[in-house]
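Engineer: Take a look and give me a structure for this.
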Amino acid sequence: MSSNNIEIEAKVLLSKKDYERLLANIPFNPQVKVQENYFLDSEDRELKKYGMLVRLRRREGRNKLTMKAPLSEGLLDKSQMLTDEETNALLENNIFPRGDILDFLEILHIDSARFQILAELTTERYEGIYEGFEINISKNIYSGTVDYELECDSDSAFNSQNTLRSLCDHFDIKYEPNVLSKETRAINAAQKAKQK
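Structural biologist: Residues are numbered from 1 along each chain as shown. I've put the predicted structure just below:
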């Protein structure tokens, strides 16, 4: 099973103090969603050159492979569910599963056999609604680093950014859009750790 979506989101990095304050004052769903993320690319970062991302996410016993590619506004988000066997083959033997994502990569002449896991990141995520839009707040753990992030997904960049700006203003948090994705932060930290 695969799906295509257009994802338009805005994000803000938070201090631990602001993260805890928002968790205490916004009615997020109390059920934390823990997800393990594995970011794949070739050693020479071929996907990055295209502005693309390939991620394997394990959450609640489900395995989801996602590819994101830039659009004029937002991202094309192609996803497919993987079996445990496909997931293990990818993680342990670098065997990329057949499906829409591989087909798309092959159209661009990107060789998935060159991919490797460049970084791992665990996210503890709470989801909620603010001013009618989906928001989530996350604690991200990767390469000995912990950071905190607030995110809004909506139908336009304008709505996502305005919702986050309004929320930050309400809680007296400096609104500073985060332009570095979790993937970029995790890979940068993993590469720094490897150089030590």
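
Engineer: Give me the distance between Lys139 and Thr123.
Structural biologist: To Thr123, Lys139 is 7 Å away according to C-beta to C-beta, to the nearest Å. To be clear about C-beta, it is placed using only N, CA and C from the backbone, and glycine gets the same treatment.

Engineer: Repeat that for Arg58.
Structural biologist: Relative to Thr123, and taking C-beta to C-beta, Arg58 is found at 11 Å.

Engineer: Please verify my assumption that Lys139 contacts Glu20.
Structural biologist: No - counting by C-beta atoms under 8 Å, Lys139 does not reach Glu20; the two are 10.0 Å apart.

Engineer: Looking at the two, which is more packed in?
Structural biologist: Lys139 (20 against 13; other C-beta atoms under 10 Å).

Engineer: Is it correct that that one falls within a helix?
Structural biologist: No - looking at Lys139 with DSSP: H, G, I helix; E, B strand; the rest coil, it is strand, so not inside a helix.

Engineer: other SSEs contacting the longest strand along the chain?
Structural biologist: Ranked by residue count under DSSP state E, the longest strand found in the chain is strand 115-130. Judged by 3 or more C-beta pairs under 8 Å, 6 or more residues apart in numbering; DSSP states H and E, the packing partners of strand 115-130 are strand 33-42, strand 133-142, helix 157-170, helix 182-195.

Engineer: between the ones you listed, which gets nearest to His109?
Structural biologist: strand 33-42 (12.5 Å; C-beta to C-beta).

Engineer: Show me what counts as buried in the next helix or strand after the closest one.
Structural biologist: Using DSSP states H and E, the helix or strand that directly follows strand 33-42 along the chain is helix 46-49. Going by neighbour count (16 or more other C-beta atoms under 10 Å), the buried part of helix 46-49 is Glu46, Leu47.
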